[in-house]
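*Asks:* here's a sequence, model it:
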Amino acid sequence: MNGTVLAAIPSPTQGVWHLGPLPLRGYALCILIGIGLAIWVAQKRWAARGGDPTVVLDIATWAVPFGVMGGRLYHVVTSPQQYFGENGDPVRALYIWEGGLGIWGAIFLGGVGAWIACRRRGILLPPFADALAPGILFAQAFGRWGNWFNNELYGKALDESNPLALKIYEWDSSTGQAIRNAAGDPVVKGYFEATFLYECVWNVLAALFIIWADRRFKLGHGRVFALYVMTYCIGRGYIETLRIDEANHILGLRLNVWTAILLFAGSLTYFVVSSRLRPGRETTLYRTPLPEGGPVDGAATEPDSVEKPGADAEKDKDGADPAGKGAGEEARTAARESGD
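*Replies:* A predicted model of the protein is given here:
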C-alpha cells in the first residue's frame with residue numbers, strides 16, 4: 001500500500017462481531033454509547049437546575065424506545081422505495097441494525113415519550129428539554145460513527161491522496177461486512193467526502209456553543225432546546241447537500257434539507273416569541289398544583305408552595321390569619337389532594 005492511500009481516512013471492513021451467538025454491531029454500539037452520554041450530561045445539567053438527577057434515567061426509559069421507533073418510522077416513510085417499492089423487502093424495515101434512524105422522527109417521538117414520563121413525575125417538559133439538549137448533540141456526534149462502521153452516508157468522490165477523503169468499501173448490509181474479491185481482499189468502492197465526520201464535529205461544536213449560551217444568557221422555557229434545533233439544522237442542512245446517497249427530492253432539494261429549513265424557522269419563531277413572553281428561566285421545575293403527596297423527588301417547587309418559617313407567628317391568638325395565608329394553604333392542600 002503506497003503512502004498516498006495511507007493519507008485517506010480508513011473505514012472498517014467489518015461492522016459486526018459475534019460473541020458466540022450474540023452479534024455485536026458497531027452501529028448499535030455507537031447509538032447506545034451516545035444514549036448513555038446524553039443521559040449523563042442531562043443528569044449533570046438537571047441537577048444544576050435544582051432537579052433530582054435520578055429522574056433522568058426514569059424519563060429515558062420512556063424517551064429512548066419512543067425515539068428509536070420514531071427514528072425508524074421517519075426513515076421508512078421518507079425512503080419507502082427500498083422497503084415497499086419494486087424489489088423492496090418490507091421485512092427489512094424492521095432491521096434497524098443495518099442503519100436508518102431519522103433524527104427528526106427520533107426527536108419527535110422521543111419527545112412524546114419524555115412528555116409522558118414528565119407528566120407522570122409532575123415535571124415541566126421545557127426545563128427538562130433544556131437540560132437534555134446539549135446531551136442530544138453529543139449523542140448524535142457519537143452516533144454518527146455508526147455510519148462509519150456501516151460504510152454509509154458519504155459525500156462526493158475525492159482523490160485518494162486527499163487527507164479528508166474517506167475510504168469506502170463495497171458493503172453487504174445483511175452481513176455487516178465488506179464484499180471481498182476472489183483473493184479474499186475487501187473491494188474498495190472509492191474515496192469520498194467524510195460527511196459523517198463533518199456532522200460529528202459540527203454537533204460537538206454546537207453542543208459547546210449552546211452550553212455557553214445557556215450559561216451566558218440564562219435561557220429557559222425551552223429556549224435551549226430551540227437553540228439546539230436551530231444550530232443542528234444549520235449544520236445538517238448544509239451537510240445534507242454534500243451527501244450522494246439516494247434520497248427523495250422536493251423542488252430540487254433533498255427532503256431532509258426542507259425539514260431542516262422548516263424546523264429552523266419554527267424554532268427561531270419559538271425562541272423569539274418565548275423570549276418576549278417569558279424572559280429568564282423558570283422559577284420551578286414542576287407543574288402546579290403539585291401531585292398528591294407534595295414535591296416530587298424532593299426537588300424545588302413553586303416558591304409559594306413552601307411554608308415559610310415563622311408563619312404561625314402571623315396568626316392572632318384565636319388562630320385567625322389576617323393575611324389570608326391560612327386560606328391559601330387550605331386551597332393548595334385541597335388541590336394536592338385532588339391530584340392532577
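
*Asks:* got a list of what residue 63 touches?
*Replies:* Under the criterion of CB atoms under 8 Å, 6 or more residues apart in numbering, the neighbours of residue 63 are 110-111, 113-114, 117. From N, CA and C alone the C-beta is placed, and that goes for glycine too.

*Asks:* what of residue 93?
*Replies:* With contacts defined as CB under 8 Å, 6+ apart, residue 93 is in contact with 72, 76, 83.

*Asks:* same check, this time on residue 128
*Replies:* When contacts are counted by CB under 8 Å, 6+ apart, residue 128 touches 46, 51, 59, 114, 118, 285.

*Asks:* neighbour-wise, which of the residues you listed leads?
*Replies:* The member of the contacts of residue 128 that has the most neighbours, counting by other CB atoms under 10 Å, is residue 285 with 27 neighbours.

*Asks:* wait, doesn't it sit right on residue 49?
*Replies:* Yes - counting by CB atoms under 8 Å, residue 285 does reach residue 49; the two are 6.5 Å apart.

*Asks:* please list the residues outside the host helix or strand of residue 168 that contact it.
*Replies:* When secondary structure is defined using DSSP states H and E, the element that contains residue 168 is strand 165-169. With contact meaning CB under 8 Å, 6+ apart, strand 165-169 is reached by 5, 7-11, 13, 151, 154, 158-160, 178-179, 186-194, 196-197.

*Asks:* cool, stretch 271-281 as well?
*Replies:* 49, 127, 218-223, 226-227, 230.

*Asks:* mind putting the residues you listed into TSV with neighbour count, secondary structure and distance to residue 24?
*Replies:* Listed next are those as TSV, based on neighbours: other CB atoms under 10 Å; DSSP: H, G, I helix; E, B strand; the rest coil; distance: CB to CB, whole Å:
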residue	neighbour count	secondary structure	distance to residue 24
49	16	coil	36
127	25	helix	37
218	11	coil	43
219	23	coil	40
220	20	coil	41
221	22	coil	42
222	22	coil	38
223	27	helix	40
226	27	helix	37
227	23	helix	36
230	20	helix	36
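
*Asks:* how far is the strand holding residue 168 from where the chain is centred?
*Replies:* In terms of CA atoms, centre = their mean, to the nearest Å, the centre of strand 165-169 is set 28 Å apart from its chain centre.

*Asks:* quick one: list the elements packing against the helix or strand just after it.
*Replies:* On the C-terminal side of strand 165-169, the nearest following helix or strand under DSSP H and E is strand 171-172. In terms of contacts (3 or more CB pairs under 8 Å, 6 or more residues apart in numbering; DSSP states H and E), strand 171-172 is packed against strand 177-178.

*Asks:* if we can go back for a sec, list buried residues within the contacts of strand 165-169.
*Replies:* 8-9, 11, 13, 151, 154, 158, 160, 178, 186, 189, 191-194, 196-197 (16 or more other CB atoms under 10 Å).

*Asks:* so residue 121 sits right up against residue 54, yeah?
*Replies:* No - in this structure residue 121 lies outside contact range of residue 54 using CB under 8 Å: 10.7 Å.

*Asks:* closest one to residue 251 out of the contacts of residue 63, please.
*Replies:* When those are compared for distance to residue 251 (CB to CB), residue 111 wins out at 28.1 Å.

*Asks:* the closest one is in contact with residue 129, isn't it?
*Replies:* Yes - taking CB under 8 Å as the contact criterion, residue 111 and residue 129 are neighbours in contact, 7.4 Å apart.

*Asks:* of these two, which one has the most company?
*Replies:* Set side by side, residue 111 and residue 129 show unequal neighbour counts under other CB under 10 Å, the larger going to residue 129 at 22 against 18.

*Asks:* in space, what's closest to residue 37 - neighbours in sequence excluded?
*Replies:* If the residues on either side of it in the chain are set aside, residue 37 comes closest to residue 138, at 5.1 Å by CB to CB, 6 or more residues apart in numbering.

*Asks:* quick one: contacts for residue 257?
*Replies:* Listed by CB under 8 Å, 6+ apart, the contact partners of residue 257 are 237, 240-241.

*Asks:* tell me the confidence at it?
*Replies:* On pLDDT, residue 257 comes in at 96.

*Asks:* kindly report the same for residue 189.
*Replies:* Per the predicted model, pLDDT is 96 at residue 189.

*Asks:* so it: helix, strand or coil?
*Replies:* Here residue 189 is recorded as strand under DSSP: H, G, I helix; E, B strand; the rest coil.

*Asks:* I'd guessed it sits against residue 170; true?
*Replies:* Yes - contact status for residue 189 versus residue 170: in contact at 4.9 Å, counting by CB under 8 Å.

*Asks:* tell me the bridge partners for residue 19.
*Replies:* On the basis of DSSP bridges, residue 19 takes part in beta bridges with residue 22.

*Asks:* all good on my end, thank you.
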